[in-house]
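>>> Give me coordinates for this.
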Amino acid sequence: MKKLYAFTLAELLITLGIIGTVAAIVMPSLLNNINDRVNAEKIRSTKYKFTKATDHMKSLGLIGPYSSTDAFVDELQKYFKIAKRCDANHLKACWPYDTVKLEDGKEWDIAKTKTGKQLKMKDDDTHDYSSDNVGIITADGTPMILSYNKICEALDPMKTYSWSTSNGKPESNATAGCVAAVFEINGNGRPNTFRKDIIAFNANGLGSSCALEIDGKCFGAPFTPTPMTYAECEAEKANLGIRECCPTSYCSNNDYWAGAVKQCNGIQNMPTMADLGKIVSLLYEGNPTAGAEDDVDNLTYNGKASQYGLPEPYFSIWSGDEYATLGYSAYYRFFNDSGTYWHIGNRWGDFLGMCIVK
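Predicted coordinates for the structure are as follows:
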């Protein structure tokens, strides 16, 4: 009789276990590579379709300048299929979710992307992205937020502008250089992360350079001032808007308030006491308010000070308000975990400063 050979059950289970282990190791990497390729093609396709339209506009002498992003999109939509259009006050209607995770881990409310300022675009003699942004959804379902440079130079219709390529395929043309944009490639999927599934197109970033925004004023990150000496203050007080410098007998050549004024390049670039009172609504539950010279007790701290670059939960911030009768005092506001209080304090206090960002 012939002798039959076969794998034992144990051998089959061992083999299947090895195959499963290898698959568990290889499959995530393989899937990631596939996703990366799919996403790269989505990015390339969106840029390509958009710049095919701006290339066509260039050939007709229609790149610009335009008075606003809105006016530019009026012309763009003749050459680029747009399924939906949203103004700067209704951007969420053209975006699949409310918030984006930025590179620093903070959440950004997409509805705040009102102008090129929130795309980190500069304004100078050749750049003006100050008009309201426009949100669109393209014919293939891609959400985009556009910002147009109002003083973009008109492009020569007869000139050929170069295309950039990705993996040997055309991606974008210099004719799109008048527009900064972000677009989304992941639909309602998560995570919603900038530079991963929210892509910058000629934009420098996303979010705000403001640490705090108070009634339309943009303040940069809080800082501990470098104190000025009496002599330094006397030499610069006229330019900085300081009425009196703190005498050495009081401040020991450590005038922190004057140092804050100097870093902000003048008291006009510092918060007023009214501004500091409005910070209260950012730091305590229930969005309470405080007037310029109001003390507010029995508040519940919301734990968000660090989001604004502030220490938690005890700190004081200098205002730009100088006390009129004493050259060694200025106004400031103190915050703690249960309340906030205004004070007139000695200028040698090493409190925080904040400056308006231009």
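
>>> residue boundaries of the strands in the stretch 1-150 of the chain?
With DSSP state E, counting those that start in this stretch as the criterion, the stretch 1-150 of the chain has strands at 82-86, 99-101, 107-109, 134-138, 143-148.

>>> closest to residue 305 out of the ones you listed?
With CB to CB as the criterion, residue 305 lies closest to strand 107-109 of the strands of the stretch 1-150 of the chain, at 16.1 Å. Backbone N, C-alpha and C define where each C-beta goes, glycine included.

>>> Name the residues that touch the closest one?
For strand 107-109, the external contacting residues (CB atoms under 8 Å, 6 or more residues apart in numbering) are 98-102, 194, 206-208.

>>> Just the buried ones among those, please.
Buried members of those, counted by 16 or more other CB atoms under 10 Å: 100-102, 194, 206-208.

>>> re earlier: of all the strands of the stretch 1-150 of the chain, which one is nearest residue 338?
The stretch from the strands of the stretch 1-150 of the chain with the least distance to residue 338 (CB to CB) is strand 107-109; that distance is 26.4 Å.

>>> related to what we said a few turns ago, with pLDDT and distance to residue 184 added, can I get the buried ones among the contacts of strand 107-109 in a markdown table?
As requested, these are exported to a markdown table (pLDDT from 0 to 100; distance: CB to CB, whole Å):
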| residue | pLDDT | distance to residue 184 |
| --- | --- | --- |
| 100 | 92 | 9 |
| 101 | 91 | 13 |
| 102 | 89 | 14 |
| 194 | 92 | 10 |
| 206 | 93 | 11 |
| 207 | 88 | 15 |
| 208 | 81 | 19 |
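
>>> farthest pair in the residues you listed?
101 and 208 (14.7 Å).

>>> so the residue most central in space within the chain is in which element?
For the chain, the residue whose C-alpha lies nearest the mean C-alpha position (CA atoms, centre = their mean) is residue 207; its distance is 1.5 Å. With secondary structure defined by DSSP states H and E, residue 207 is part of neither a helix nor a strand.

>>> which stretches of this protein form helices?
For the chain, applying DSSP state H gives helices covering 9-59, 69-76, 230-240, 248-251, 256-263, 273-283.

>>> contacting residues for the residue nearest to residue 273 when sequence neighbours are not counted?
Leaving aside its chain neighbours, residue 273 sits nearest to residue 292 (3.9 Å; criterion: CB to CB, 6 or more residues apart in numbering). The contact partners of residue 292, taken as CB under 8 Å, 6+ apart, are 272-274, 276-277, 342.

>>> what residues are up against the residue nearest to residue 165 when sequence neighbours are not counted?
Distances taken as CB to CB, 6+ apart place residue 171 nearest to residue 165, at 5.8 Å, with adjacent residues excluded. With contact set as CB under 8 Å, 6+ apart, residue 171 has these partners: 44, 47-48, 51, 163-165.

>>> Any of those buried? List them.
Neighbour-count burial within those applies to 44, 47-48, 51, 163; the criterion is 16+ other CB under 10 Å.
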